[in-house]
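Undergrad: Structure, please.
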Amino acid sequence: MFEIKFFLKIINPFSIIKAIIYHKSQKKYRKSRNDLELMLYSKIITNDMLHYGYFNNIDIPADEISIKKFQDAQNNYVKIIMKQIKSYHKNILDVGCGMGGLSKILLDNEFKVESLTPDNNQYEYINSKYTDLTVHHMKYEEFSAQSRFDVIINSESLQYINLEKAFHKSTNILKDNGIWIIIDYFRIHDKGVNKSGHLLSDFIKMTDKNKWEIISSKDITKNILPTLKFATFIVKRFINPLGDFVLEKVRVKYSWFYYLIQQYKNDIKLKRHKEMSALDPAKFSSEKKYMLYVLKKRVNYLK
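TA: Have a look, this model is predicted:
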């Protein structure tokens with residue numbers, strides 16, 4: 001009965017017209033404006049932080065990592081950022097602020113903080129939960145500051161911004177004695193399956209080209225790898241078996257539908273392979289570095 005009703009619905013011209021109208025009424029999906037993956041993570045991790053975290057114990061087994069331990073690692077990550085900020089640094093811009101967790105901690109530590117996100121869901125969430133935070137709803141490239149900042153923070157957000165535009169904007173809105181904290185991963189070559197993140201060589205060249213200097217750098221790749229191990233464990237132990245179960249359920253109960261989607265199975269497998277490659281700690285280490293950089297404008301630039 002279900003099969004007949006479904007078939008009649010999809011061949012009904014009125015249903016098709018309504019479906020086309022609905023499709024056209026939806027705004028084109030833009031990840032920078034509505035990052036659905038990050039929204040999902042925020043529902044699971046409740047401390048309003050979306051970054052990889054920082055594990056002191058880099059050898060912790062994946063099956064010993066809990067949500068609590070992961071959130072502890074995220075708090076360690078925030079502490080590392082805050083260690084770079086001096087007491088005389090008062091005005092901070094948190095670029096790509098996620099769900100507002102870092103901004104709120106900085107605010108609670110008596111810094112003057114402004115947050116920025118182009119994501120619609122994040123902007124609405126922060127406005128409703130953290131009413132004492134000033135949050136700008138736009139891309140960093142579009143931001144126009146009323147005054148210059150002592151500190152700019154890009155925590156896992158530089159990868160989404162054009163490097164040339166990021167350096168240009170930071171040059172204009174950071175005070176001459178201010179610092180730019182960048183904590184993110186970079187590709188060490190261009191041969192990897194997953195292309196997210198800027199090439200590290202491009203970043204270094206851009207630093208020199210725009211007359212900035214790196215006053216501090218730390219490779220924390222090993223400290224974020226437990227997060228990837230944990231994510232891989234969850235996917236292999238729970239998500240993949242659940243997906244296989246659902247597919248088998250469809251095959252048994254709705255074989256006609258299962259037959260129709262066969263042509264997409266290879267596409268799904270390729271997508272799964274790409275996503276798993278991004279989570280594989282060994283692949284990540286061979287393709288990327290997760291770096292903490294602190295930059296400032298060169299002295300000869302200021303003259």
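
Undergrad: contacts, neighbours, all on C-alpha from now
TA: Noted.

Undergrad: For the stretch 151-300 of the chain, give me the ranges with low pLDDT.
TA: For the stretch 151-300 of the chain, applying pLDDT under 70 flags the ranges 273, 300.

Undergrad: Tell me which stretches of it form strands.
TA: Shown for the stretch 151-300 of the chain, the strands assigned by DSSP state E, counting those that start in this stretch span residues 174-187, 212-219, 288-297.

Undergrad: Rebuild the ones you listed as JSON lines, extending it with mean neighbour count and distance to A231.
TA: Shown next, in JSON lines, are the strands of the stretch 151-300 of the chain (neighbours: other C-alpha atoms under 10 Å; distance: least, C-alpha to C-alpha, whole Å):
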{"stretch": "strand 174-187", "mean neighbour count": "22", "distance to A231": "17"}
{"stretch": "strand 212-219", "mean neighbour count": "14", "distance to A231": "21"}
{"stretch": "strand 288-297", "mean neighbour count": "21", "distance to A231": "17"}
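
Undergrad: Mind putting those into JSON lines with distance to K104?
TA: As requested, the strands of the stretch 151-300 of the chain are exported to JSON lines (distance: least, C-alpha to C-alpha, whole Å):
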{"stretch": "strand 174-187", "distance to K104": "17"}
{"stretch": "strand 212-219", "distance to K104": "25"}
{"stretch": "strand 288-297", "distance to K104": "21"}
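
Undergrad: do you know which of the ones you listed lies nearest G98?
TA: strand 174-187 (13.9 Å; C-alpha to C-alpha).

Undergrad: Return the closest one as CSV; C-alpha atoms alone will do.
TA: Output of strand 174-187 as CSV, limited to C-alpha atoms (Å, rounded to 0.1, in the frame of the first residue of the first chain):
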residue,chain,number,x,y,z
LEU,A,174,44.6,45.4,14.2
LYS,A,175,46.5,48.0,16.3
ASP,A,176,50.1,48.4,15.4
ASN,A,177,51.3,46.7,18.6
GLY,A,178,48.5,44.1,18.5
ILE,A,179,48.7,40.4,17.8
TRP,A,180,47.0,38.0,15.5
ILE,A,181,46.4,34.5,16.9
ILE,A,182,45.9,31.8,14.3
ILE,A,183,45.2,28.2,15.4
ASP,A,184,44.3,26.0,12.5
TYR,A,185,45.4,23.2,10.2
PHE,A,186,47.4,23.7,7.0
ARG,A,187,48.1,21.4,4.1
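
Undergrad: what's in contact with that strand?
TA: 81, 84, 89, 148-159, 170, 195-200, 287-297, 302 (C-alpha atoms under 8 Å, 6 or more residues apart in numbering).

Undergrad: And stretch 113-126, by the same measure?
TA: 32-35, 39, 91-100, 103, 106-107, 133-140.

Undergrad: Turn the buried ones among those into a named ChimeraX selection, would you?
TA: Only the buried members of those enter the following ChimeraX selection, criterion being 16 or more other C-alpha atoms under 10 Å:
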select :32,33,35,39,91,92,93,94,95,96,97,98,99,100,103,106,107,133,134,135,136,137,138,139,140
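
Undergrad: Take the contacts of stretch 113-126 and keep only those in strands.
TA: Using DSSP state E, the members of the contacts of stretch 113-126 that fall in strands are N91, I92, L93, D94, V95, T134, V135, H136, H137.

Undergrad: Turn those into TSV, columns for distance to K209 and pLDDT.
TA: Shown next, in TSV, are the ones in strands among the contacts of stretch 113-126 (distance: C-alpha to C-alpha, whole Å; pLDDT from 0 to 100):
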residue	distance to K209	pLDDT
N91	26	95
I92	25	97
L93	23	98
D94	24	98
V95	22	98
T134	32	95
V135	31	96
H136	29	96
H137	29	97
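
Undergrad: okay, these in TSV with distance to I126 next?
TA: Shown next, in TSV, are those (distance: C-alpha to C-alpha, whole Å):
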residue	distance to I126
N91	19
I92	17
L93	15
D94	13
V95	14
T134	9
V135	8
H136	10
H137	11
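
Undergrad: Which of the contacts of strand 174-187 are buried? Put it as a PyMOL command.
TA: The buried subset of the contacts of strand 174-187, as determined by 16+ other C-alpha under 10 Å, is captured in PyMOL by this line:
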select buried, resi 81+84+89+148+149+150+151+152+153+154+155+156+157+158+159+170+197+198+199+200+287+288+289+290+291+292+293+294+295+296+297
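
Undergrad: Tell me which residues are up against stretch 75-91.
TA: In contact with stretch 75-91 (C-alpha under 8 Å, 6+ apart) are residues 53-55, 102, 111-114, 149-151, 178, 181, 294.

Undergrad: And for K265, the neighbour number?
TA: 10 (other C-alpha atoms under 10 Å).

Undergrad: repeat for D48
TA: Neighbours around D48, by other C-alpha under 10 Å: 22.
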